[in-house]
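Asker: Have a look; sequence and predicted model below, questions after that.
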Amino acid sequence: MKNGLKKKTLELAIINFFSVYGQRGVLIENKFLTYISILENYHKNHIDKNGYLKTRLEYLLNESSLALHFKKMDKYSERLKTTRNYHAHLEEKHKEKSLDSEEILKTNYLLEFVIREIFLREIGIDHKALIPHNVERYIIELNN
């Protein structure tokens, strides 16, 4: 990818990230949708133009430092996709299999960690961040 296009797509991802990260009053569902969109577009623009949401998310989660701790990445990626479809398209058929509000809140912390890792890697910083305790606990829940 040409540097100008890469800069432009990263700039948009960073602007989108900070439009919800740390902002008061943003619904957790809207934050979730923004984070999923950032990941989906990052994969499409920097990894592979082809693909489906679930495989894009699974790929990026597997590339993160969280991957070593996950046992059910496939299942979790599917729930992320289903939750995104439920909230983005208001498809009632997905409600039962979607993450609930508490799970979305926990997922947002996890996705924030993954997105920050991507941003740091893209600007050439090799930083091994400690996984936040709340994200670690959530991954343990997901593995059970």
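Answerer: Structure's in. What do you need? Residues are numbered from 1 along each chain as shown.
Asker: any residues touching the biggest helix by length in the chain, and which ones?
Answerer: Scanning the chain for the helix with the most residues, using DSSP state H, yields helix 101-122. In this structure, residues lying in contact with helix 101-122 by CB atoms under 8 Å, 6 or more residues apart in numbering are 6, 10, 13-14, 17, 21, 28-29, 31-32, 35-36, 38-39, 42, 46, 60-61, 64-66, 80, 83, 99, 126-127, 129, 131-132, 134-135, 138-139, 141. Backbone N, C-alpha and C define where each C-beta goes, glycine included.
Asker: Let's see that with 7 Å instead.
Answerer: 10, 14, 17, 21, 28-29, 31-32, 35, 38-39, 42, 60-61, 64-66, 83, 99, 127, 129, 131-132, 134-135, 138 (CB atoms under 7 Å, 6 or more residues apart in numbering).
Asker: In this structure, which residue is most central in space?
Answerer: Leu111 (3.9 Å; CA atoms, centre = their mean).
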